[in-house]
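In: Predicted model, plus sequence, below.
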Amino acid sequence: MADTHNKTTERSPGETIAPRLRFAPSPTGHLHVGGARTALYNWLYARGRGGSFVLRIEDTDLARSTDESIRQIISSLVWLGLDWDEGPGVGGDHGPYRQTERMHIYEETVKALLASGKAYRCYCSPDELEHEREKARAAGQPLVYGGRCRALSPEEEQSLQTEGRDAVIRLRTPDTGSTIVPDLIKGDVEFENVNIGDFIIVRSSGVPTYNFAVAVDDASMGITHVIRGDDHLPNTPRQLMLFEAMGKKPPAYGHLSLILGPDRTPLSKRHGASSIEEFISRGYVREALCNYLALMGWSLDGETTFFSMDEMVEKFSLERVGSTAAAFDNDKLLWMNGHYIREMEENELAKRIELFLQDTELAALHGHAGTPTISALVPLVQEKMKTLADFVDYTDFFFLPLVFEEKALVKLEKDEKAAAVLAAAQNVIESVEPYDAETLDAALRAAAERMEIKLGKFLQPIRIAVSGKTITPGMFETLAMLGREISAARLDAAIKLLSPS
Ligand code: GLU
């Protein structure tokens, strides 16, 4: 068995078929970082080798699959920039690309497997199977199907059918020997066939099982490489058996280690954001997420950290994918996001922010009624932003009525020199000509010197008075952008607040 499988996965020397890879999500929820990394690796492998990337929706779990989830997964993939050559919305020569629309293909394959005796109908009831399992458990034997229906005569089948029994269809598998998965990442992984047993390929409802649908689809779609999470590794010997039964050449497999949370348990919601949608809504940019996910298991040289998509396409290889589980580090991702935001062209960043703010109250206010545009504000905040959401925190006071953060107000009220500083600043703001950042800079510096207060300390009450916050973009640029009138009015209000008459 093992030998046969090894042979079928070998590629003859010099063989140059263009690779065909696929991402095959089950639409039972959002696209999580683990799935996104799988999609990315398949996409990178295909794009770097002139191959094709196929998107296939695996919705045979009828109870848990939803159209909404398909929509969400697709929109996350589009956002990540992982385009597909064949699949939903694109079409292709190997469609349909949704498993529930491929039932006729599974039916045909099953018919052929039944006709050749490679599969058979099993009429055992759930009670009988449970009884068999109990016996096996007691005897310390593997809990696999014992093969009661393996050799039913047509008459026996007929009488079981007359009894009204439902049938599943099982694949006939070897009782002895082992099946080797020649894994591109983990090396050869051996599975004892005795632990596999004749597994079900079609349920009594007529719906194919996961393993069967995947093997049929990978075969009929001409998939050459399957890169997926190692939670699927135990499925792979079963899929190899199916390929053998169908007389088809299996793809090469590579199984990726799980992504762990910082506490080294499998990454999940408990660890914070774990779906791509959540990262989008927190203001992450695709460049950072793709770069970070690429490094969750792959490295070029153990040193290089930043890769553009093009560089990743050029450099990605399975040889450099490690077999140990990678831990997700939110701080590193955030840091990487800040890097990509700082590196971005101002125009591009403004566009991303605009998209991010779409449908929010703030989006409606930008550039209206004399307020600054997003583009005008970008130079003030780009260096400070780590996420697109930071833009809101740094700039909302340009658009919204002033609201004091509590700690800012306390600071202002405790600052003994605040009233005098605000009065001095008020003078500068009312008189400086021209009213721009450079002139404000010189004039406010001079005022601070005259009062013998360090510039940072001098600017703090002004900052709080005009923004309500202790952290803002550069003060001179902020005052210039707010305009003379609003700056003066806010200083005035703060002066009044500090000395109620
Ligand atoms: N549909 C499976 C999942 O979402 C993936 C199957 C595969 O990659 O073979 O886990």
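Out: In hand now; what should we look at?
In: Assign the residue of the stretch 201-350 of the chain found nearest the ligand to helix, strand or coil.
Out: Closest to the ligand within the stretch 201-350 of the chain is residue 228: 3.8 Å, counting by CB to the nearest ligand atom. C-beta here means a position set from N, CA and C on the backbone, and glycine is covered the same way. Secondary structure assignment for residue 228 (DSSP: H, G, I helix; E, B strand; the rest coil): strand.
In: which residues does it form a beta bridge with?
Out: In this entry, residue 228 is beta-bridged to residue 255, by DSSP bridges.
In: residue contacts, it?
Out: 24, 38, 253, 254, 255, 256 (CB atoms under 8 Å, 6 or more residues apart in numbering).
In: Would you map the strands across this structure?
Out: Here the chain has its strands, by DSSP state E, at 20-23, 52-55, 119-122, 168-171, 178-183, 187-192, 200-202, 225-229, 252-256, 259-260, 326-327.
In: Quick one: name the residues of the chain near the ligand.
Out: Residues of the chain found near the ligand (CB under 6 Å from any ligand atom) are 24, 25, 26, 58, 214, 228, 232.
In: rerun that using 8 Å as the cut-off
Out: Proximity of the chain to the ligand, by CB under 8 Å from any ligand atom, involves residues 22-26, 28, 35, 38, 58, 210, 214, 218, 226, 228-229, 231-232, 235, 239.
In: Weed out the non-buried ones from those.
Out: The neighbour count (16 or more other CB atoms under 10 Å) marks 22-26, 35, 38, 58, 210, 214, 218, 226, 228, 232, 235, 239 as buried among these.
In: Which residues are in contact with the closest residue to residue 468 other than its chain neighbours?
Out: Distances taken as CB to CB, 6 or more residues apart in numbering place residue 404 nearest to residue 468, at 4.3 Å, with adjacent residues excluded. Counting by CB under 8 Å, 6+ apart, residue 404 makes contact with 412, 464, 468.
In: CSV please, covering these and showing neighbour count and pLDDT.
Out: Shown next, in CSV, are those (neighbours: other CB atoms under 10 Å; pLDDT from 0 to 100):
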residue, neighbour count, pLDDT
412, 22, 96
464, 26, 98
468, 22, 97
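In: Between those, which sits nearest the ligand?
Out: Distances from the ligand to the contacts of residue 404, taken by CB to the nearest ligand atom, are shortest for residue 468, at 47.0 Å.
In: Might one say that the closest one is in contact with residue 403?
Out: Yes. Contact between residue 468 and residue 403 holds when scored by CB atoms under 8 Å: they sit 5.2 Å apart.
In: and for the two, which residues touch both?
Out: Shared contacts of residue 468 and residue 403, defined by CB under 8 Å, 6+ apart, comprise residue 397.
In: Need the contact partners of stretch 212-226.
Out: 17, 19-22, 24, 42, 45, 51, 54, 56, 58, 60, 86, 94, 99, 102, 105-106, 109-110, 171, 184, 201-202, 208, 235, 238-239, 242-243, 246, 248, 250-254.
In: And stretch 468-486, by the same measure?
Out: Here stretch 468-486 has contacts from 370, 372, 376-377, 379-381, 384, 394-395, 397-398, 402-405, 407-409, 411, 429-430, 435-438, 440-441, 444, 459-460, 462-464, 466-467, 487, 490, using CB under 8 Å, 6+ apart.
In: Then stretch 158-176?
Out: Contacts for stretch 158-176 (CB under 8 Å, 6+ apart): 1, 110, 113-114, 117-123, 125, 145, 149-150, 152, 193-194, 196-204, 212, 238, 241-242, 245.
In: repeat that with 6 Å
Out: Contacts to stretch 158-176, defined as CB atoms under 6 Å, 6 or more residues apart in numbering, come from residues 1, 110, 118-119, 121-123, 193, 196, 198-204, 241.
In: how much space is there between residue 208 and residue 96?
Out: Distance, residue 208 to residue 96, using CB to CB, to the nearest Å: 14 Å.
In: more neighbours, those two?
Out: Counted by other CB atoms under 10 Å, residue 208 and residue 96 do not tie: residue 208 has more neighbours, with 26 against 17.
In: how about the residue lying closest to residue 346 once chain neighbours are set aside, what does it touch?
Out: Nearest residue to residue 346, sequence neighbours excluded (CB to CB, 6+ apart): residue 378, at 4.9 Å. Counting by CB under 6 Å, 6+ apart, residue 378 touches 346, 349, 350.
In: Put together TSV for the residues you listed, with pLDDT and neighbour count on each row.
Out: Below are the contacts of residue 378 laid out as TSV (pLDDT from 0 to 100; neighbours: other CB atoms under 10 Å):
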residue	pLDDT	neighbour count
346	98	11
349	98	24
350	97	21
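In: wait, which of the residues you listed is closest to residue 271?
Out: Comparing these against residue 271 with CB to CB places residue 349 closest, at 28.5 Å.
In: Report pLDDT for the residue nearest to the closest one when sequence neighbours are not counted.
Out: Spatial nearest neighbour of residue 349, excluding adjacent residues (CB to CB, 6+ apart): residue 378 at 5.4 Å. Residue 378 carries a pLDDT score of 97 in this model.
In: Could you report the distance from residue 378 to residue 350?
Out: 5 Å.
In: swap in residue 434?
Out: Residue 434 is 25 Å from residue 350, by CB to CB.
In: Next: residue 492.
Out: On the measure of CB to CB, residue 492 and residue 350 end up 32 Å apart.
In: swap in residue 216?
Out: Separation of residue 216 from residue 350 (CB to CB) stands at 48 Å.
In: Rebuild the strands of the chain as CSV, extending it with mean pLDDT.
Out: CSV is the format used below for the strands of the chain (pLDDT from 0 to 100):
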stretch, mean pLDDT
strand 20-23, 98
strand 52-55, 98
strand 119-122, 98
strand 168-171, 98
strand 178-183, 98
strand 187-192, 97
strand 200-202, 98
strand 225-229, 97
strand 252-256, 97
strand 259-260, 92
strand 326-327, 90
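In: Dump these to CSV, plus distance to residue 339.
Out: As requested, those are exported to CSV (distance: least, CB to CB, whole Å):
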stretch, distance to residue 339
strand 20-23, 27
strand 52-55, 27
strand 119-122, 54
strand 168-171, 50
strand 178-183, 34
strand 187-192, 35
strand 200-202, 49
strand 225-229, 27
strand 252-256, 25
strand 259-260, 21
strand 326-327, 19
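In: Nice, that's everything, thank you.
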